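**Q** Sequence and computational prediction follow.
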Amino acid sequence: MVQIEIDGKPVEVKEGSTVIQAAHQLGTYIPHFC
């Protein structure tokens, strides 16, 4: 697991996860088209 911070909130994600996947774990929406 890797710990990162999004909008000041820490989140642990599996190594290789995308930023969008990590944000989704926090309930944070990041607009994307693909």
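**A** Looks like it arrived, so ask away.
**Q** Mind pulling the model confidence for the spatially closest residue to Tyr29 that is not a sequence neighbour?
**A** Computed as Cβ to Cβ, 6 or more residues apart in numbering, the closest residue to Tyr29 that is not its neighbour in sequence is Ala23, at 7.2 Å. C-betas here are computed from N, CA, C, even on glycine. Among the per-residue scores, Ala23 holds a pLDDT of 93.
**Q** Next: the one 5 residues further on.
**A** For Thr28, the model assigns a pLDDT of 92.
**Q** where's it, which helix or strand?
**A** Element membership for Thr28 (DSSP states H and E) is empty, with no helix or strand holding it.
**Q** Now do the contacts for it.
**A** Each residue near Thr28 by Cβ atoms under 8 Å, 6 or more residues apart in numbering is listed here: Ile6, Asp7, Lys9.
**Q** which residues does the last one form a beta bridge with?
**A** According to DSSP bridges, the residues that bridge with Lys9 are Ile6.
**Q** I'd assumed Gln25 was in contact with it.
**A** No. In terms of Cβ atoms under 8 Å, Lys9 does not count as a neighbour of Gln25; the distance is 10.0 Å.
**Q** buried residues in stretch 5-20?
**A** Of all the residues in stretch 5-20, those buried under the rule 16 or more other Cβ atoms under 10 Å are Val11, Val13, Ser17.
**Q** So Glu12: helix, strand or coil?
**A** Following DSSP: H, G, I helix; E, B strand; the rest coil, we place Glu12 in the strand state.
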